[in-house]
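Undergrad: Need coordinates for the following:
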Amino acid sequence: MKMLRKGLLGLITVMGLTSCGGANVDEITLVVYEDKSNIEVLRDWGDTFTANYKKQHPLAPKITIEWVQQAEASAIEKMQNENPTGNGPDIAAVTHDTIINGANSGIISPITFDYEVKALMSEDALNAVSKVADNGNKTLYGYPITAESQVIMYNKDELQASDLESFDTLLASGKKIAIKESKDPNGYYNFGFFTDSVVFGEDGTDKSSVNLQTPNAVANLVKFYHDYHSTVLDLSPDESVSSLTSKQVAGVLSSPYYLATVKKALGEDKVGVHVLPKINGENQRPLSGYKAYVVNSYSRYPAIANELAKFLVSPDVQWQRLHSLNYLPSLAEENFTSDIREEIEGNPINETFLASLAMSRRMPSIDAMSNFWSPTNRVIGDFWSNNRGTITEAIVKSGLTEIENAIKQ
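TA: Below is the predicted model:
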């Protein structure tokens with residue numbers, strides 16, 4: 001079994017662990033918030049961490065890990081509620097767009113191993129977990145776990161890959177795909193049409209740089225809601241399972257977390273994955289996101305918590321996530337191990353996820369992004385509910401103006 005891999009002992013730096021629990025502590029329990037879909041994959045790695053620590057430091061307190069199921073998107077919010085009671089975790093898996101809120105509220109601490117993380121991870125992953133000061137300095141608040149972007153997961157009995165090359169070919173196929181249109185998070189799932197829009201600068205950190213009413217974005221939105229709305233059912237990924245199995249839809253726009261659900265619903269051999277369909281002859285540019293571990297400012301054992309978080313984003317553990325869950329690594333490409341490269345090359349699903357990521361833009365995580373979602377969800381919902389089939393350029397520009405004005409408040 002490839003779970004326990006050679007060279008693992010070198011991945012754990014144990015400096016400072018023996019003193020963190022205090023002289024009279026016999027056992028230290030680290031509480032980890034983790035999404036339920038990942039815990040079984042990671043449990044053996046956690047056992048490896050604790051076993052190697054015990055082997056190297058037999059007189060130190062025993063370490064155990066308590067895995068607690070918690071969705072990444074709401075982990076920071078949960079910590080804000082639990083920390084005052086003393087029941088918060090030591091580390092938590094979170095979505096990168098929640099990190100700034102956690103940093104600003106003092107819920108999470110800057111990471112200890114910033115040098116090692118900077119040497120290991122991609123520039124985009126580092127930006128995703130950074131808080132940028134007014135002087136441009138960046139402080140890392142997370143250990144990047146995985147990179148993900150949006151794709152179409154489809155039933156190969158209903159669609160061919162060629163049917164998803166563009167919305168024109170999808171329309172010609174007579175099949176429908178599921179995309180959330182009328183309610184939150186419809187702004188997230190339709191952002192791919194904003195191909196040339198500027199949202200907080202190219203790297204997502206400049207709150208003064210916003211321009212949504214760019215030529216391609218306006219043309220794409222008009223084209224989609226006027227000509228292609230019949231190719232879509234208004235469903236989020238989590239709402240689409242029954243429609244996939246009943247063949248009301250032949251595919252669903254989602255990110256890698258949903259792949260296991262689609263495989264279970266359709267059967268693994270029937271599932272295909274494709275980048276988002278082209279519109280007006282150009283590739284969509286969807287939002288990408290990162291998952292990361294953060295360390296709770298209220299942890300009793302911050303040194304050990306940082307050690308564990310660093311270990312759980314090491315190349316071998318990132319390989320395991322890729323192998324078991326098709327989760328792309330957050331490593332810089334030059335740091336891909338041979339095993340990671342082998343796992344991607346020749347695997348159509350992993351290659352498609354990587355191709356989508358290359359087309360994507362990282363979701364901005366600065367404070368001002370909180371002003372983006374509500375008006376965007378409302379405007380996209382209006383395009384769908386009230387204007388599909390009759391939408392005009394003027395309607396689109398009016399809606400985009402509403403979003404821009406809300407952002408500037």
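
Undergrad: domain ranges for the protein?
TA: Here the domain assignment for the chain is 8-147+289-361, 152-285+372-408, based on automatic domain parsing.

Undergrad: Least reliable of those by average pLDDT, please.
TA: Lowest mean pLDDT within those: domain 8-147+289-361, at a mean of 90.

Undergrad: And that one, how far out from the chain middle?
TA: 13 Å (Cα atoms, centre = their mean, to the nearest Å).

Undergrad: And stretch 184-191, by the same measure?
TA: On the basis of Cα atoms, centre = their mean, stretch 184-191 sits 14 Å off its chain's mean C-alpha point.

Undergrad: Mind listing what's buried along that stretch?
TA: Buried residues in stretch 184-191, counted by 16 or more other Cβ atoms under 10 Å: 184, 186-191. All C-beta atoms are positioned from the backbone trio N, CA, C, and that covers glycine.

Undergrad: Need the distance between the two termini of that stretch.
TA: Terminal residues of stretch 184-191 lie 12 Å apart, using Cα to Cα, to the nearest Å.

Undergrad: try stretch 194-209
TA: Using Cα to Cα, the two ends of stretch 194-209 sit 15 Å apart.

Undergrad: follow-up on the earlier one: tabulate the buried residues of stretch 184-191 in CSV, adding columns for distance to V232 and secondary structure.
TA: Listed next are the buried residues of stretch 184-191 as CSV, based on distance: Cβ to Cβ, whole Å; DSSP: H, G, I helix; E, B strand; the rest coil:
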residue, distance to V232, secondary structure
D184, 17, coil
N186, 11, helix
G187, 15, helix
Y188, 15, helix
Y189, 10, helix
N190, 10, coil
F191, 15, helix
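
Undergrad: how about these in TSV, adding distance to L266?
TA: Shown next, in TSV, are the buried residues of stretch 184-191 (distance: Cβ to Cβ, whole Å):
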residue	distance to L266
D184	27
N186	24
G187	28
Y188	24
Y189	20
N190	24
F191	26
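
Undergrad: any idea which of those residues is closest to V271?
TA: Checking the buried residues of stretch 184-191 against V271 with Cβ to Cβ, the nearest one is Y189 at 19.3 Å.

Undergrad: need the contact list for the closest one.
TA: Applying Cβ atoms under 8 Å, 6 or more residues apart in numbering, we find Y189 in contact with 150, 179-181, 236, 253.

Undergrad: Check the gap between it and V31 for me.
TA: Going from Y189 to V31 by Cβ to Cβ, to the nearest Å gives 33 Å.

Undergrad: same thing with N220?
TA: Here N220 is placed at a distance of 45 Å from V31 (Cβ to Cβ).
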